[in-house]
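A.B. asks: Sequence and predicted model, in that order:
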Amino acid sequence: MTGFDAIDALLANARQEVPLPPAGERRPLREGLNVSRAQLAEALGVSPSTVAGWETGRDPGGEVREKYAYFLEGARTKLAERSRAATAAPTAEDTGESDADADPSEAGPAGRGRAPATPRDAGGPDDGDDDVEALSTPRPCVLCGAPARHQVAGFPQHLDPADCGTAPAPPQPAQEQAPAAPAAPKPDPVAPRHPRASGRAQPKSVRLVPVGRRMRTAANDGPDLVGEAVTAALAKHGGDLEAATAALVKRAIPDAMALLDETRKGGRYDVVAHPWIPEILRKQTTRGADQIWEARPKWARPALPPGAHEVTALDVNGAYLSALKTHLPIGQLEHSTGFEHDRRRAGVHLITPPAWDHGEDLPNPIGNRDEPGPLWVTEPTLRLLLRLSGPKYGLCDPPEIHESFTSGATENLLEKFRVALKDARDRAIAEGDEVTLEYVKAMYSKFVSTMGESHYNRELYRPDWMHIVRSQAFANLWMKAYKAHEEGLLVVRAMGTDELHLVGDWRRVFPEGRGVSEVKIKDVYTVGEDVDPAAAGDPES
């Protein structure tokens, strides 16, 4: 094939992309049919966040574009039909019937208290009634839902009451009694118990918010996606708790993204899911790391006073869940230079950290780092250093900021998402529901770990968020260590995001429990030896 033949073949196969409505019309068309993003995404084979992107300006391509255009055109046609039908429906003024005369048992599709038309007692499409039309294709009857071949005043319905499923059943003689319902089977005493094993949604507690001096019911939280998923998994696996848990953990990432989309409805800011990313946030090799330092603590106290000491290793609950409340950049990161820090923005910063002179008692806020000189840190690390260098703490000098990649920021970008997971976790603990507990843990931990360059989550590419959330968890652990130190406890070890080893009465400092604001015991051990009084005495005596 010559070059011209190849070009001719390209021109012959070229086709114009299907036009789409303007971005501002797409969401109203979907919501006009009461179709959720998740429902549409499932039908199109994409994620809810992808649909959200299309509704805010991005355009799909290829075959999925044709499917999306087909849905939008169909939605526009269906909404137009509804509008025409509502206009054509007879009103009380048209029929001379008042609202008081209407039969309250009749309910039309528009929910106005009565049906737009009733099935005819006699006659057919040829009786001269202009409101009656034959349908080429049967459509669901507005009264019973069964296929009807005619429409009255624009509404499909049966003309003969005998054909309509809403026809009243003949009355039974008074002496005839319905057979007694069979007794409900007794529950299997050895079957595993679970709050949602029955398949019915559990009632949610009424959440309150303070308004001035009074309390009021919180705004509608939307569907309970976590509870619905657990109920469905238990039903699918016949109440097998282990199998249901495994299935839920396996789908934790897409479920977390669906929950994020649900909690972002009505938010002030649109999440930029795939922004441009500077090279410092890109992995240098396939299995390598980028240039961001997360300040992960791995610190051990060099010495303790003489004697034996009982050390308690505490586990901080839900460290990553709590860290979702942090200053996150909303949009694309922008480069800047200079030594000033703008608290209205967040991102990553190249700094020269200050010297740390308290390594005998407290871990370095930037973690264990052997190489001197500048390094790229995240927003939580920088804010922690600035806080500790201030007049309240005075523990170090301010860090030196050389350059930054930041965007406008908010601390509440993931707050509804965090609260939804926290509430589900709290309910699971209160009910002893280990299935939901493992599911929620998998949702927030995998959500954090796959926000960067991950093959498991292609809906959100924010390595800056991943580093920031992790660093916030480390900063939270450091502040707990500092609180223990200030209360007179000996900090023996600080590791990762959730492990703190202390000597002393830690219960007067931290509440014990399984809540996210509480800690639980991971281990108790003894270091050192008791001093022998005789050996410790005066050798001259």
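C.D. replies: Received it, and whenever you're ready, just let me know what you need.
A.B. asks: For this structure, which helix extends over the most residues?
C.D. replies: helix 62-88 (DSSP state H).
A.B. asks: quick one: buried residues of it?
C.D. replies: Neighbour-count burial for helix 62-88 flags Arg65, Lys67, Tyr68, Ala69, Phe71, Leu72, Ala75, Ala85 (criterion: 16 or more other Cβ atoms under 10 Å). No exception for glycine: its C-beta is placed from N, CA and C like everyone else's.
A.B. asks: same deal with stretch 263-283?
C.D. replies: Neighbour-count burial for stretch 263-283 [16+ other Cβ under 10 Å]: Thr263, Arg264, Val271, Val272, Ala273, Ile277, Pro278, Ile280, Leu281.
A.B. asks: So the second one is in contact with Lys416, correct?
C.D. replies: So that's Arg264. Yes - the pair Arg264 / Lys416 is scored as a contact, 7.4 Å apart, by Cβ atoms under 8 Å.
A.B. asks: before we move on, the earlier item: TSV please, covering the buried residues of helix 62-88 and showing pLDDT and distance to Ile351.
C.D. replies: Listed next are these as TSV, based on pLDDT from 0 to 100; distance: Cβ to Cβ, whole Å:
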residue	pLDDT	distance to Ile351
Arg65	88	45
Lys67	89	49
Tyr68	90	45
Ala69	90	49
Phe71	92	49
Leu72	92	49
Ala75	91	51
Ala85	82	65
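A.B. asks: Name the surrounding residues that touch stretch 447-462.
C.D. replies: Outside stretch 447-462, the residues within contact range by Cβ atoms under 8 Å, 6 or more residues apart in numbering are 47, 49-50, 252-253, 256-257, 260, 271, 273-275, 277, 282-283, 320, 323-324, 446, 463, 465-467, 469-470.
A.B. asks: Okay, now the unreliable bits of the stretch 201-350 of the chain?
C.D. replies: For the stretch 201-350 of the chain, the stretches flagged by pLDDT under 70 are 201-222.
A.B. asks: Verify the stated contact: Leu350 with Thr378.
C.D. replies: No - with contact defined as Cβ under 8 Å, Leu350 does not count as touching Thr378 (11.5 Å).
A.B. asks: Same drill for these two, tell me which one is more crowded.
C.D. replies: Neighbours were counted for Leu350 and for Thr378 using other Cβ atoms under 10 Å; Thr378 has more, 29 against 17.
A.B. asks: burial measure for the nearest residue to that one once chain neighbours are set aside, as a count.
C.D. replies: In this structure, Thr378 finds its nearest non-sequential neighbour in Ser471, 4.2 Å apart by Cβ to Cβ, 6 or more residues apart in numbering. Residues within reach of Ser471, counting by other Cβ under 10 Å, total 29.
A.B. asks: next helix or strand past the helix or strand where Ser471 lies?
C.D. replies: Ser471 belongs to helix 463-486 when assigned by DSSP states H and E. Going down the chain from helix 463-486, the next helix or strand is strand 490-495, by DSSP H and E.
A.B. asks: Which parts of the stretch 401-541 of the chain are helices?
C.D. replies: 415-431, 434-449, 463-486 (DSSP state H, counting those that start in this stretch).
A.B. asks: List the buried residues for the second one?
C.D. replies: Counting neighbours by 16+ other Cβ under 10 Å, one finds that the buried residues in helix 434-449 are 435-449.
A.B. asks: same check, this time on stretch 516-523
C.D. replies: Val516, Val519.
A.B. asks: I'd assumed Val527 was in contact with Ala313.
C.D. replies: No - with contact defined as Cβ under 8 Å, Ala313 and Val527 do not form a contacting pair (11.6 Å).
A.B. asks: Run through the residues that contact Met257.
C.D. replies: Ser47, Pro48, Ser49, Phe447, Asn457, Glu459, Leu460.
A.B. asks: so how far is Arg345 from it?
C.D. replies: 26 Å (Cβ to Cβ, to the nearest Å).
A.B. asks: Could you report the distance from Ser404 to Thr378?
C.D. replies: According to Cβ to Cβ, Ser404 and Thr378 sit 11 Å apart.
A.B. asks: what sits in contact with each of those two?
C.D. replies: Joint contacts of Ser404 and Thr378 (Cβ under 8 Å, 6+ apart) are Gly347, Val348, His349.
A.B. asks: Tell me the secondary structure of the second one, please.
C.D. replies: To tie it back to what came earlier, the one meant is Val348. For Val348, the assignment made with DSSP: H, G, I helix; E, B strand; the rest coil gives strand.
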